[in-house]
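A.B. asks: Quick one: sequence plus predicted model below, questions after.
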Amino acid sequence: MAWELNSDRPIYTQILEKLQVRIVCGIYRPGEWLPSVRDLAAEANVNPNTMQRAFTELERSGLVITQRNMGRVVTQDTQMIETVKHNMAVTQVDSFFVNMRQLGFSDSEIISLINNHTSQTDNTTVSN
């Protein structure tokens, strides 16, 4: 099944983000070999050159290491993976706050909404 990619941003950037998510969420574990560029390109329904560009960025960041003639492996540096995960979370939170402020909410109103939502979610989880 093809990955959901939008035309509003560069495809390789979206692929890079999806691969980062797979790494930080543990789908691809530290020290695990990644599927080949061709296999992932076929899965995502993109040109292998586009997938290669995303892999190059992952290598540049240190999340992925190329083993000559063997393929690519996820770094075993779990601290780096946690740092990337934290940075991705901060980006999401920042984006959320920007969007909420554009709707006219103050920071204290946003926090109140989050607290209320969390309380409701906790109550739903307990009752199920």
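C.D. replies: That came in fine, so what should we check first? Just so we're clear, the structure is a prediction, and the values are computed from it rather than from any experiment. Numbers count the residues shown, from 1 in each chain.

A.B. asks: Which strands and helices lie in contact with the strand or helix carrying residue 16?
C.D. replies: Per DSSP states H and E: residue 16 is located in helix 11-24. The elements that helix 11-24 packs onto, with contact taken as 3 or more Cβ pairs under 8 Å, 6 or more residues apart in numbering; DSSP states H and E, are helix 48-61, helix 78-102. In short, each C-beta sits where N, CA and C put it, glycine included.

A.B. asks: can you pull the pLDDT of residue 127?
C.D. replies: Residue 127 carries a pLDDT score of 48 in this model.

A.B. asks: ditto for residue 75
C.D. replies: Note for residue 75: predicted pLDDT of 97.

A.B. asks: Check residue 119 too.
C.D. replies: pLDDT, residue 119: 87.

A.B. asks: returning to what we had before: which among the helices and strands packed on helix 11-24 is found nearest to residue 8?
C.D. replies: Among those, the nearest to residue 8 by Cβ to Cβ is helix 78-102 (14.5 Å).

A.B. asks: And for stretch 51-71, what's in contact with it?
C.D. replies: 12-13, 15-16, 19-20, 23, 33-34, 36-38, 40-41, 44, 72-75, 77, 80-81, 84 (Cβ atoms under 8 Å, 6 or more residues apart in numbering).

A.B. asks: how about the nearest residue to the residue nearest the centre of the chain, chain neighbours excluded?
C.D. replies: Centrality entry for the chain: nearest residue to the mean C-alpha point is residue 21, 2.8 Å, by Cα atoms, centre = their mean. Leaving aside its sequence neighbours, residue 21 sits nearest to residue 88 (Cβ to Cβ, 6 or more residues apart in numbering; 7.4 Å).
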